[in-house]
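>>> What follows is a predicted structure for the sequence shown.
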Amino acid sequence: MTILTESHCPSAVSAGRGVDVALTNVRAVLDDEVVDGATVVIRDGVIEAVDEAPGYLPEAIDGRGLFCIAGLVDTHSDGFEKELRPRPNVVLPADFALRSFESRVRAAGVTTVFHGVGFENGAKYDRSVAQAHLLCDVITDRRAEVDARIDHHILYRLDVRDAEGLAALETRLNQRHGDLLIDEIPLVSAEDHTPGLGQYTDRAYYERYIAGTKGLDAAAAKQYIDQLVVDRDDKLDNVEHALSWLASRAHGGTLRLMGHDPTSADEIDVAVERCVSIAEFPTTVEAARRARERGLRTVSGAPNVVRGGSHSGNVSAAELVSLGLCDGLSSDYMPTTLLGAVGALVADGICDVPAAIALVTSGPADTVGLSDRGRLQVGKRGDVVLVDFDGRLPTVHLVVAAHDRIAPTSRASA
């Protein structure tokens, strides 16, 4: 594929404008159908046309029958944290790590990402309050730069037992929009990863995880977790304060609140009372079904779909999709699993292409209130992806983001 700058091509974009590009002979994936032989035109970063008739556009990219979909929206990605530490005892500069991860994300077809930033002091993921502020600053700075390759957002992850984490999050969210905040309504996840709760209700899975990651035998891993539970139980008094503060802000409309790893209908009912609007990673069908009944949006993990089940013994995300209890998938820790999940869901006959694509585009966008993207519709943000599937395996051929400073103008490779 040839990339031409503005000086070479009138359809390229100048700094400060959105991208201009046309894609012909594509399979356009709309809300409820796939339109073969379609043309998609983006002008100044906005979708101007989605036509069934191709027309003659000499500078258009020939999509050669590839699927054309809206850019993926990832509402929970921990990849930036992982990019910081590619090996034990190796820590990269945060600004370099973000740009490196940005390229990985875009290559996976993701054009909007919410980076998970943990507001806590914990050894498990090497998180600290100081690091949380640093990562937020780096993300905020990168988002404002004209050469950013994707649209960066922040998912503020609060350990509700961590008083210092709450104080730091309060400081962050009390700043004015345009200063330290990216989104008018910040996205916050209330989390309690104490063994025996949430994701690790069956702590045996957590013991195996700790044994593997820390090189401990079974007895030492059990002892490690026993002490962790004791230490976290000493912080129970912080939970009510944190949840009350979050509920007050959510009720006032100054944040959008996720409940992390709900396990039961009762937990969902309590979450609703606390103004939670999104059930993130429900661990049981019961919790997901109650979330649907109570009007909550639901998010499940794409890696769960790709692997064929949960690594911690919880409900299969594919099962939730098949039951109509999942509004969107997030990458959690691996961006490529979003389109991998699409391939798996379609190959396994769980849903058709438009429904599967919606789980990684319009579904997540609607969940977090981004109504300007996630669909191939006139007037929507011009983030598009050309992709094909070899059975359940995806290959991304081209990604166009609304504010790209250069425009692709030759034919895409088949």
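Arrived safely, thanks for sending. Residues are numbered from 1 along each chain as shown.

>>> And for E286, the neighbour number?
17 (other CB atoms under 10 Å). Glycine gets a C-beta too; all of them are placed from N, C-alpha and C.

>>> Name the nearest residue to it, ignoring sequence neighbours.
Distances taken as CB to CB, 6 or more residues apart in numbering put A265 closest to E286, at 5.4 Å, once the chain neighbours are dropped.

>>> In the chain, which residue is most central in space?
For the chain, the residue nearest the mean C-alpha position is D74 (2.1 Å; CA atoms, centre = their mean).

>>> Verify the stated contact: it with T336.
No: applying CB atoms under 8 Å, one finds D74 not in contact with T336, separated by 11.0 Å.

>>> Would you double-check that the residue nearest to the centre of the chain falls in a strand?
Yes: using DSSP: H, G, I helix; E, B strand; the rest coil, the assignment for D74 is a strand.

>>> who's in contact with it?
105, 110, 112-114, 330-331, 335, 338, 360, 364 (CB atoms under 8 Å, 6 or more residues apart in numbering).

>>> Need those residues in a markdown table (columns: neighbour count).
Below are these laid out as a markdown table (neighbours: other CB atoms under 10 Å):
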| residue | neighbour count |
| --- | --- |
| V105 | 28 |
| V110 | 29 |
| T112 | 26 |
| V113 | 29 |
| F114 | 25 |
| S330 | 30 |
| S331 | 27 |
| P335 | 24 |
| L338 | 30 |
| V360 | 28 |
| P364 | 27 |
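
>>> Can I get those in TSV including secondary structure?
Listed next are these as TSV, based on three-state DSSP:
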residue	secondary structure
V105	helix
V110	strand
T112	strand
V113	strand
F114	strand
S330	strand
S331	coil
P335	coil
L338	helix
V360	coil
P364	helix
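
>>> How is this protein partitioned into domains?
With domains defined by automatic domain parsing, the chain comprises 3-69+379-384+388-408, 72-372.

>>> Just confirm H153 is within a strand.
Yes: under three-state DSSP, H153 falls within a strand.

>>> Begin at 529 from now on, thanks
Yep, numbering from 529; the last one is H681 now.

>>> now the strands: where do they sit in the stretch 829-942 of the chain?
856-858, 912-918, 921-928, 935-936 (DSSP state E, counting those that start in this stretch).

>>> Which residue ranges of the stretch 679-828 of the chain form strands?
In the stretch 679-828 of the chain, the strands defined using DSSP E, counting those that start in this stretch lie at 679-687, 715-719, 784-788, 806-808, 825-829.

>>> Present the ones you listed as JSON lines; the columns should include mean pLDDT and distance to T668.
Converted to JSON lines, these look like this (pLDDT from 0 to 100; distance: least, CB to CB, whole Å):
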{"stretch": "strand 679-687", "mean pLDDT": "96", "distance to T668": "8"}
{"stretch": "strand 715-719", "mean pLDDT": "95", "distance to T668": "14"}
{"stretch": "strand 784-788", "mean pLDDT": "96", "distance to T668": "18"}
{"stretch": "strand 806-808", "mean pLDDT": "97", "distance to T668": "22"}
{"stretch": "strand 825-829", "mean pLDDT": "98", "distance to T668": "23"}
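
>>> now for the ones you listed, which one comes closest to V562?
V562 sits nearest to strand 825-829 of all those, at 23.7 Å, using CB to CB.

>>> Strand 715-719 and that closest one, what's the angle between them?
70 degrees (axes from the mean of the first three to the mean of the last three CA atoms, to 10 degrees).

>>> Paired strands for strand 825-829, with orientation please.
strand 806-808 (parallel), strand 856-858 (parallel) (DSSP bridges).

>>> For the last one, give the mean pLDDT please.
So the one you mean is strand 856-858. Mean pLDDT, strand 856-858: 98.

>>> ok, and what's touching that strand?
The contact list for strand 856-858 (CB under 8 Å, 6+ apart) reads 601-605, 808, 825-830, 833, 845, 866, 869, 887-888, 891-892, 894-895.

>>> Quick one: list the elements packing against the strand or helix carrying C664.
Using DSSP states H and E, C664 sits within helix 657-672. If contacts are counted by 3 or more CB pairs under 8 Å, 6 or more residues apart in numbering; DSSP states H and E, helix 657-672 sits against helix 607-612, helix 622-635, strand 638-647, strand 679-687, helix 691-701.

>>> out of those, deepest packed?
Stretch with highest mean neighbour count among the helices and strands packed on helix 657-672: strand 638-647 (a mean of 27; mean count of other CB atoms under 10 Å).

>>> Partner strands of that one and their direction?
For strand 638-647, pairing defined by DSSP bridges yields strand 600-605 (parallel), strand 679-687 (parallel).

>>> May I see those arranged in CSV, with distance to G907 as well?
Shown next, in CSV, are those (distance: least, CB to CB, whole Å):
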stretch, distance to G907
strand 600-605, 17
strand 679-687, 17
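
>>> For D880, find the nearest of those strands.
That would be, of the strands paired with strand 638-647 and by CB to CB, strand 600-605, which comes in at 17.9 Å.
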